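**Student:** need coordinates for the following:
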Amino acid sequence: MIEKVNPAHPDKVADRIAGAIVDLAYNTERDPKIAVEVLIGHGVCHVVIETTADLDTREITSAIRRIAGNVSPDIMIVPQDKHLSNNQEHGFRCGDNGIFKGMPLTSEQKALSEIARDIYAKHPYDGKYILDQTRLIICQSNADSDSLRNLYPNAEINPLGDWTGGTSVDTGATNRKLGSDMADSVTGGGLHGKDLSKADVSVNIYAFLKAQETGKPVELCCAIGDEFVDGIPYPVIVEAARKYIVAVGGFEKFAEWGLF
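**Tutor:** All right, here's what the predicted structure looks like:
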């Protein structure tokens, strides 16, 4: 059983805005420290940013409107907590306490990911998709249900009929769709709106990739300040995550679909 939401779902819009702001921070320096929370809906986008980076609110506003349209931005930028900043003063160390899990993707999860991408390529609007063994549920806004039914004759299509979604009718918040981003690898930490020093980003990516490589579950725990995780120096884990983020096109692109 798995659920995917597409990049136009309100929660994914929030994730993408957070990712775009992290990208802006990385444009100012190689290793900024940043954490972003976004709440968007009904014409307003609230953003709280804790960071060491020198960010331009005009660039943030431009990113918000590029992703979400003509919404009113409410932006707060504050310095990152001194204890968190001091933790990384002499090089990368684990940026948070947490437990992390990487799970190999199932064929069902991979199949739904492909279905979601195929539908979104034709209908780039708010949508949610569920696959439960043989039951496929497709809720796609701004699309003709009959046309979707022709493509997926065995699916349950828009149970309440054709609909229009997006942030004008629903709210979105960062890291609210972790199941869609991580499948069975979900634990407590969110992937989006944070820099690479944060374990929620780097250790989650590392554990997920290791599970795909080995075909076996990966379970890890760490404490803030740890210099090794899974017997590996934390800077090595950070660089593995950095390579992954660069490969997918940055934090905003990473936020579109998550890890699969």
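
**Student:** show me where the stretch 1-150 of the chain has its strands.
**Tutor:** 2-5, 34-41, 44-51, 72-79, 98-102, 127-132, 135-140 (DSSP state E, counting those that start in this stretch).

**Student:** adding distance to residue 162 and mean neighbour count, write these out as a markdown table.
**Tutor:** The C-beta positions use only the backbone N, C-alpha and C, and glycine is treated the same way. Formatted as a markdown table, these follow (distance: least, CB to CB, whole Å; neighbours: other CB atoms under 10 Å):
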| stretch | distance to residue 162 | mean neighbour count |
| --- | --- | --- |
| strand 2-5 | 18 | 23 |
| strand 34-41 | 22 | 23 |
| strand 44-51 | 27 | 20 |
| strand 72-79 | 29 | 13 |
| strand 98-102 | 38 | 21 |
| strand 127-132 | 12 | 19 |
| strand 135-140 | 9 | 19 |
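
**Student:** wait, which of those strands is closest to residue 178?
**Tutor:** Nearest of those to residue 178, taken as CB to CB: strand 2-5 at 10.6 Å.

**Student:** from the chain's centroid, how far away is the closest one?
**Tutor:** Remark: strand 2-5 is offset 13 Å from the chain centroid, using CA atoms, centre = their mean, to the nearest Å.

**Student:** list the contacts of it.
**Tutor:** 11-12, 106, 108-109, 112-113, 115-116, 127-131, 177, 179-180, 183, 257 (CB atoms under 8 Å, 6 or more residues apart in numbering).

**Student:** same thing but at 7 Å, please
**Tutor:** 11-12, 108-109, 112-113, 116, 127-131, 177, 179-180, 183 (CB atoms under 7 Å, 6 or more residues apart in numbering).

**Student:** could the strands of the stretch 1-150 of the chain go into JSON lines alongside mean pLDDT?
**Tutor:** Converted to JSON lines, the strands of the stretch 1-150 of the chain look like this (pLDDT from 0 to 100):
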{"stretch": "strand 2-5", "mean pLDDT": "97"}
{"stretch": "strand 34-41", "mean pLDDT": "98"}
{"stretch": "strand 44-51", "mean pLDDT": "98"}
{"stretch": "strand 72-79", "mean pLDDT": "97"}
{"stretch": "strand 98-102", "mean pLDDT": "96"}
{"stretch": "strand 127-132", "mean pLDDT": "97"}
{"stretch": "strand 135-140", "mean pLDDT": "98"}
